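> I need the structure of the sequence given here:
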Amino acid sequence: MPRFKRPRPRPTARAGRGVKAGSMRIVLADWGNGGHHPTWFQHFVLALEELGVDVLALCPYPAEAEAGANEARPKAEIANRPRGKTEFARVKVASRRFGSPWPRRLSLIDWAIRHFRGVESQAHAWSKRSGKKVDAIFYACMYDFDFQRVQAAQPFLRLPWIGLYLHVAGYRQPRRHPEWPPRPEKLFSTGLCKGIFVLDEGIVDQVSKAIGKPVVALPELNDGRMPVNDQQRSLGDRLAEFAAGRPVVGLFGMLKESKGVIPFLEAARKSVGKPVCFALAGELYWPGPEKNWICETLAECPNVWNHLLRIPTEIQLNYLLSKCEAIYAAYLDFPHSSGILSKAAALKKPVIVSEGYLMAERVRHFKLGEIISEGKVPALLDAINAITKDPAAWQAANQPQWREYCEAQSFTRLKSSFQKLLAVL
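A predicted model of the protein is given here:
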């Protein structure tokens, strides 16, 4: 294993003193791409800017990220409030040494040291160019498999860090997923970690007690922009033409097993000939044998519209959702949050979710749609019928709190959440 030089220690702990946001410089790092990654990254950049924080935004495609931020950034400066400046750059990702003669544990440690030192080296280079110190690194999307050896890398690092711990199965389902760390709090045990964000408000106290550090819930933001040109409307218009006036039940995003694709298509098979159609759009990620069955179903069912490619932009996704009468989000074995709830609420579209965990808790509290037993096709058919048979009657009977949900998941609340964690740096 290579020998790494430890940096000289530097005082970094300023927790408790509080730091004025306008004086801060944060490195925002994300090496993931696709799905939720670009959307969250853009929200984080804009929130930090509005708090007056200067940002070095490290991601796989900085030009795209910068263009997206420029498009979403408010045109006018906020009166009497300094706005932070953002510099975009490509994140340096350490390669994993597959086939290494070292034991797997040592290979993971080697990767973690090289990887996190690489991110920090970009932070130090930014500091050197500007002549100003960096306050912390913010990891935009933390996964267990990337951070399981982060503690081993900490002796070689200097900068404090915070992050969004994205998947909380280790807390919501501690015995159902042995591949996740049995004690996720080990990921945050280093002194350089000053606190974390989660997307699950239901476990904030539990996680904070486990790690002994601040834990703040972030809202599920919605990018509510709609099409402004024909190209952005093309997918949604094709779906509307296919539906020909029939109500649409839609499933969108990365199409994998946990999204409940199989029950969704089984419901479509049983609905052939009925006045409802199904829409399936997104990249199909399916290494299993059921992929042939999925393709056969799509070919055989005249009531299913599909676009098995990544939906290019949030604007196109929003427009697709607007063409639906109900949004299918009855995911399988899924304890996490989903931004689809925010989008559906903004568009005033009922959702169908599986019983248990966070999504059902939110849907029940805000009356956002129907809750069914996980994977049960008869229950799914009943929910679809309840919503699409008479949408106005369903809304009158259920009184969904769409506006209240959108307020709870707003950009204003995102900034407030950031202020809480930035104060401990």
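> where does Lys323 sit relative to Arg238, distance-wise?
Remark: distance between Lys323 and Arg238 (Cβ to Cβ, to the nearest Å) = 10 Å. C-beta here means a position set from N, CA and C on the backbone, and glycine is covered the same way.
> do Ala329 as well
22 Å.
> any idea which helix or strand carries Ser417?
Element membership of Ser417, judged by DSSP states H and E, is helix 411-422.
> neighbours around the closest residue to Phe264 other than its chain neighbours, how many?
Here the nearest residue to Phe264 in space, its sequence neighbours aside, is Leu251; by Cβ to Cβ, 6 or more residues apart in numbering that works out to 5.2 Å. Number of residues near Leu251 (other Cβ atoms under 10 Å) recorded here: 25.
> same thing with Gln231?
Neighbour tally, Gln231, other Cβ under 10 Å: 12.
> in what helix or strand does it lie?
Counting by DSSP H and E, Gln231 is found in helix 230-243.
> pretty sure the residue nearest to Phe264 contacts Ala267?
No: using Cβ atoms under 8 Å, Leu251 makes no contact with Ala267, being 10.3 Å away.
> Pull up the overlap in contacts between these two.
Phe278 (Cβ atoms under 8 Å, 6 or more residues apart in numbering).
> where does the stretch 1-150 of the chain have low pLDDT?
1-22, 35, 75-81, 96-105 (pLDDT under 70).
> Quick one: end-to-end distance for stretch 332-349.
By Cα to Cα, to the nearest Å, the extent of stretch 332-349 from end to end equals 21 Å.
> which residues in the stretch 1-150 of the chain form helices?
37-50, 62-72, 104-130, 144-147, 150-153 (DSSP state H, counting those that start in this stretch).
> same question, the stretch 301-425 of the chain
Using DSSP H, counting those that start in this stretch, helices in the stretch 301-425 of the chain cover 314-322, 340-347, 357-366, 377-388, 391-398, 402-408, 411-422.
> Single out the most deeply packed of those.
helix 340-347 (a mean of 24; mean count of other Cβ atoms under 10 Å).
> any chance you could map the strands in the stretch 201-350 of the chain?
215-217, 248-252, 277-281, 304-307, 326-329 (DSSP state E, counting those that start in this stretch).
> can I get these in a markdown table with distance to Glu370?
Shown next, in a markdown table, are the strands of the stretch 201-350 of the chain (distance: least, Cβ to Cβ, whole Å):
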| stretch | distance to Glu370 |
| --- | --- |
| strand 215-217 | 25 |
| strand 248-252 | 11 |
| strand 277-281 | 16 |
| strand 304-307 | 20 |
| strand 326-329 | 8 |
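> could you dump the ones you listed to CSV with distance to Leu381 and mean pLDDT?
Compiled in CSV, the strands of the stretch 201-350 of the chain are given as follows (distance: least, Cβ to Cβ, whole Å; pLDDT from 0 to 100):
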stretch, distance to Leu381, mean pLDDT
strand 215-217, 34, 95
strand 248-252, 10, 98
strand 277-281, 11, 97
strand 304-307, 15, 97
strand 326-329, 12, 98
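> Of those, which is nearest Tyr405?
Tyr405 sits nearest to strand 326-329 of all the strands of the stretch 201-350 of the chain, at 13.3 Å, using Cβ to Cβ.
> Give me the residues contacting the helix or strand that contains Gly195.
Gly195 belongs to strand 193-198 when assigned by DSSP H and E. The contact list for strand 193-198, computed with Cβ under 8 Å, 6+ apart, reads 15, 136, 142, 160-165, 168, 187-188, 204, 207, 211, 213-218, 417, 421, 424-425.
> circling back to that earlier point, mind checking which of the helices of the stretch 301-425 of the chain is nearest Phe44?
Nearest of those to Phe44, taken as Cβ to Cβ: helix 411-422 at 8.2 Å.
> check contacts around Gly288.
Each residue near Gly288 by Cβ under 8 Å, 6+ apart is listed here: Glu257.
> any idea how far Val261 is from it?
11 Å.
> hmm, back to that, for the helix holding Ser417, name the packing helices and strands.
Helices and strands touching helix 411-422, as assessed by 3 or more Cβ pairs under 8 Å, 6 or more residues apart in numbering; DSSP states H and E, comprise helix 37-50, strand 193-198, strand 215-217.
> chain center to stretch 142-157: distance?
20 Å (Cα atoms, centre = their mean, to the nearest Å).
> cool, stretch 187-207 as well?
On Cα atoms, centre = their mean, the centre of stretch 187-207 falls 16 Å from that of its chain.
> Also stretch 116-125?
Using Cα atoms, centre = their mean, the offset of stretch 116-125 from its chain centre is 24 Å.
> Now it: buried residues?
116-120, 122-123 (16 or more other Cβ atoms under 10 Å).
> that older thread, report the mean per-residue pLDDT for the strand holding Gly195.
When pLDDT is averaged over strand 193-198, the result is 95.
> Among the contacts of strand 193-198, name the buried ones.
136, 142, 160-165, 168, 187-188, 207, 211, 213-218, 417, 421, 424-425.
> one step back: could I get the helices of the stretch 301-425 of the chain in CSV, plus columns for mean pLDDT and distance to Lys85?
Converted to CSV, the helices of the stretch 301-425 of the chain look like this (pLDDT from 0 to 100; distance: least, Cβ to Cβ, whole Å):
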stretch, mean pLDDT, distance to Lys85
helix 314-322, 94, 24
helix 340-347, 95, 28
helix 357-366, 94, 35
helix 377-388, 98, 46
helix 391-398, 96, 45
helix 402-408, 94, 30
helix 411-422, 94, 17
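> closest to Arg129 out of those helices?
Of these, nearest to Arg129 by Cβ to Cβ is helix 411-422, at 22.7 Å.
> So what's the gap between stretch 399-416 and the chain middle?
Counting by Cα atoms, centre = their mean, stretch 399-416 comes out at 17 Å from the chain centroid.
> Please disregard the earlier target; I meant stretch 30-42.
With Cα atoms, centre = their mean, you get 8 Å for stretch 30-42.
> and if you look at stretch 36-46?
Its chain's C-alpha centre and that of stretch 36-46 lie 9 Å apart, by Cα atoms, centre = their mean.
> Keeping just the C-alphas, turn it into CSV.
What follows is stretch 36-46 as a C-alpha-only set of coordinates in CSV (Å, rounded to 0.1, in the frame of the first residue of the first chain):
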residue,chain,number,x,y,z
HIS,A,36,-31.4,13.6,-9.1
HIS,A,37,-27.7,14.6,-9.0
PRO,A,38,-27.7,17.6,-11.4
THR,A,39,-31.0,18.9,-9.9
TRP,A,40,-29.8,18.8,-6.3
PHE,A,41,-26.4,20.3,-7.3
GLN,A,42,-28.1,23.3,-9.0
HIS,A,43,-30.4,23.9,-6.0
PHE,A,44,-27.4,23.8,-3.6
VAL,A,45,-25.4,26.2,-5.7
LEU,A,46,-28.2,28.8,-5.8
